[in-house]
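J.: Predicted structure and sequence below. I'll ask about it afterward.
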Amino acid sequence: MLYVVFIFAVLMTILYFTEPEFTLRQKYRGQDLYEILSDEEHNHRLKLLGRGLYAILYSLVYYPISLIAVPLIILWAISNEIGSQIASFIAIAAVLVLLFQFGQWLWQMITGNKGKADILTDDGKRYRGKLISEDKIVKVDATIKDAGEDIHLTGILLGEDDDKVIMLTSEGVKIAHKHPYDLIHMDKKTIINAEIELKDGSRKTGRKIYILGDKPAKDFLRNLPDLLLVLYLWYLVVVQFIN
């Protein structure tokens, strides 16, 4: 049993300190998560794919351990040593919080209530409120050659294939042909527009944002149950080795 606990302790430690969001917060502190993902979506697809596969692996390994194996270890610890009951109760509380977080996420997926969101309006002001709706759009910044001169276009991407790019600009729908190289250059950026409801009942629309590291205390509390489970498993390992 000691070796099983040790393996779980090592695995939980690795998962906690390599959690995708935890890694993102350390690497991109102070930047907008959605802008980072947008850049990776259009320019670093292999990196984005790797992060997606890692997140799937994380979920497949993490949830079974935290929601099934860890409670069994807690029951084993309580039944064997009175001295470990206090730590076990703390770990039980951590498991209950994780179950609540998982149930809350599942309920939001079923009911459509996606919680709260932060947005940035056109006048540069930030607002936070209940998320009403959100829409993902792709903005383009392109340069095309037309009648011997270069024309700069900005707008919303409507469609793209191997031959052409269709975009909605302030001058209407524009088509840029990739062959014979009418399209000189194009940058794409994914934007999530969201509508939120404020406490006074009014509604605001703007670009959805999530600034990494903007609320470190909230980020820490959200990951505190994971950390408690990690520390508890290592506590079991140390106690067993001492005894």
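T.: Thanks, I have the structure now.
J.: Going by C-alpha atoms from here, please, whenever you check contacts or count neighbours.
T.: OK.
J.: Now do the helix or strand hosting Ile36: everything it contacts.
T.: Using DSSP states H and E, the secondary-structure element containing Ile36 is helix 33-43. Under the contact criterion Cα atoms under 8 Å, 6 or more residues apart in numbering, helix 33-43 has outside partners Lys47, Leu48, Lys188, Lys189, Thr190, Ile191, Ile192, Lys208, Ile209, Tyr210, Ile211, Leu212.
J.: Try it again at 6 Å.
T.: Judged by Cα atoms under 6 Å, 6 or more residues apart in numbering, the contacts made with helix 33-43 from elsewhere in the structure are Leu48, Lys189, Thr190, Tyr210.
J.: Give the buried residues for it.
T.: By neighbour count on 16 or more other Cα atoms under 10 Å, the buried set for helix 33-43 is Leu33, Tyr34, Glu35, Leu37, Ser38, Asp39, Glu40, Glu41.
J.: Can you tell me which of the contacts of helix 33-43 end up in helices?
T.: Those of the contacts of helix 33-43 mapping onto helices are Leu48, per DSSP state H.
J.: nearest to Ala9, of the contacts of helix 33-43?
T.: Checking those against Ala9 with Cα to Cα, the nearest one is Leu48 at 28.6 Å.
J.: Check the burial of the closest one by counting its neighbours.
T.: Residues near Leu48, counting by other Cα atoms under 10 Å, number 17.
J.: And for Asn80?
T.: Using other Cα under 10 Å, Asn80 is surrounded by 10 other residues.
J.: for Asp122, same thing?
T.: Applying other Cα under 10 Å, I find that Asp122 has 10 neighbouring residues.
J.: His185: helix or strand, and which one exactly?
T.: When elements are assigned from DSSP H and E, His185 belongs to strand 183-197.
J.: Would you state the helices of this structure in chain order?
T.: Secondary structure of the chain, counting by DSSP H: helices at 2-17, 20-27, 33-43, 45-64, 70-80, 85-111, 216-242.
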